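Q: here are the coordinates; sequence isn't available:
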């Protein structure tokens with residue numbers, strides 16, 4: 001069913017690719033930029049990269065909210081990478097930590113969150129106030145009621161993780177968890193961003209590199225909506241499948257070029273150094 005995907009994964013793992021540090025820096029910036037852009041952030045990729053490097057070079061059109069979103073996303077992604085590297089299990093507590101980091105800068109400085117604070121909403125905790133899902137699909141705007149409300153969200157999220165652990169293929173596992181985070185809306189904000197971090201978490205724990213989700217072609221958010229309207233995870237699975245295969249192919253080509261351009265060691269016959 002996923003033979004092409006599995007073949008590319010196998011080929012990538014067999015090559016034992018070691019990527020340069022600069023690649024990871026660039027990919028982190030791309031991930032944060034695309035994930036934020038999907039939610040309406042106006043910063044450009046170069047501006048996002050400058051914030052990551054603490055240079056803070058951006059145009060006068062940049063909104064303070066956009067900058068805060070990048071700051072929080074840096075913290076969340078770095079936490080995600082640290083947890084994967086140190087074999088932390090993916091759990092409801094992991095999601096809470098990632099969401100807390102995502103919203104940390106906004107929570108501190110953005111007045112939008114003051115109402116939540118007044119209702120005793122804690123950062124990184126499940127929602128205490130019921131929320132809704134606003135969407136636009138095929139030019140039509142609408143609102144969905146999440147599966148979980150403030151009273152049922154804790155129990156529902158535990159069940160979701162039990163169900164997810166029973167799913168075998170990585171494509172189905174990532175799509176299932178991302179979709180359930182979105183349709184349940186467990187947090188007051190940042191649910192789709194948290195869902196994309198959860199996908200990255202699972203893919204990297206599976207032995208793959210950091211993958212980003214482009215904001216134009218193969219739109220991740222549209223995949224969530226189409227999965228809901230068609231009552232199947234296939235649209236979201238297809239998007240994850242396309243992004244992983246495309247980006248792994250690019251990485252393998254990059255590795256090939258690096259090996260071609262690499263200067264061979266200055267050794268002569270028999271391994272004797274030539275002077």
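A: Received, thanks. From a predicted model like this one, the values you see are computed outputs, not experimental measurements.
Q: any idea how far residue 49 is from the closest residue to residue 199 other than its chain neighbours?
A: Spatial nearest neighbour of residue 199, chain neighbours left out: residue 174 (4.5 Å); criterion: Cβ to Cβ, 6 or more residues apart in numbering. (Each C-beta comes from the backbone N, C-alpha and C, glycine too.) Using Cβ to Cβ, to the nearest Å, we find residue 174 at a distance of 26 Å from residue 49.
Q: With neighbour numbers in mind, choose between these two.
A: Neighbour totals were compared for residue 174 and residue 49, and residue 174 leads with 28 against 20 (other Cβ atoms under 10 Å).
Q: quick one, what contacts the more buried one?
A: Taking Cβ atoms under 8 Å, 6 or more residues apart in numbering, we find residue 174 in contact with 198, 199, 202, 203, 240.
Q: Then residue 182?
A: By Cβ under 8 Å, 6+ apart, the residues touching residue 182 are 133, 191, 192, 195, 224.
Q: For it, which non-adjacent residue is closest in space?
A: residue 224 (5.0 Å).
Q: Residue 234: neighbour count?
A: Quick note: residue 234 (other Cβ under 10 Å) scores 14 neighbours.
Q: now swap in residue 204 and tell me
A: 17.
Q: Quick check, pLDDT for it.
A: pLDDT, residue 204: 97.
Q: now, among the contacts of residue 174, which is nearest to residue 3?
A: Nearest to residue 3 out of the contacts of residue 174 is residue 240 (Cβ to Cβ; 16.0 Å).
Q: which strands and helices sit next to the helix or strand encompassing that closest one?
A: Secondary-structure assignment from DSSP states H and E places residue 240 in helix 234-261. Helix 234-261 sits against helix 3-14, helix 170-184, helix 220-230, with contacts defined as 3 or more Cβ pairs under 8 Å, 6 or more residues apart in numbering; DSSP states H and E.
Q: For residue 82, grab the count of nearby residues.
A: 10.
Q: oh sorry, the question was meant for residue 159
A: For residue 159, the neighbour count with other Cβ under 10 Å is 11.
Q: Mind telling me what element it is part of?
A: Assigned by DSSP H and E, residue 159 falls in helix 153-165.
Q: and if you look at residue 81?
A: helix 64-85.
Q: Report the mean confidence score over that helix.
A: 96.
Q: right, and the helix or strand after it?
A: By DSSP H and E, the next helix or strand past helix 64-85 is helix 92-109.
Q: low-scoring stretches of the stretch 1-150 of the chain, by residue?
A: For the stretch 1-150 of the chain, residues meeting the criterion pLDDT under 70 lie at 57-60.
Q: Off-centre distance for the helix holding residue 159?
A: Centroid separation for helix 153-165 versus its chain: 20 Å, with Cα atoms, centre = their mean, to the nearest Å.
Q: Tell me how many other residues crowd residue 77.
A: Neighbour number of residue 77 under other Cβ under 10 Å is 25.
Q: And residue 15, by the same measure?
A: 14.
Q: before we move on, what about residue 21?
A: Neighbour tally, residue 21, other Cβ under 10 Å: 7.
Q: and it, how far is that from residue 212?
A: According to Cβ to Cβ, residue 21 and residue 212 sit 17 Å apart.
Q: next one: residue 195
A: From residue 195 across to residue 212, the span is 14 Å (Cβ to Cβ).
Q: Before I go, just wanted to say thanks for your time.
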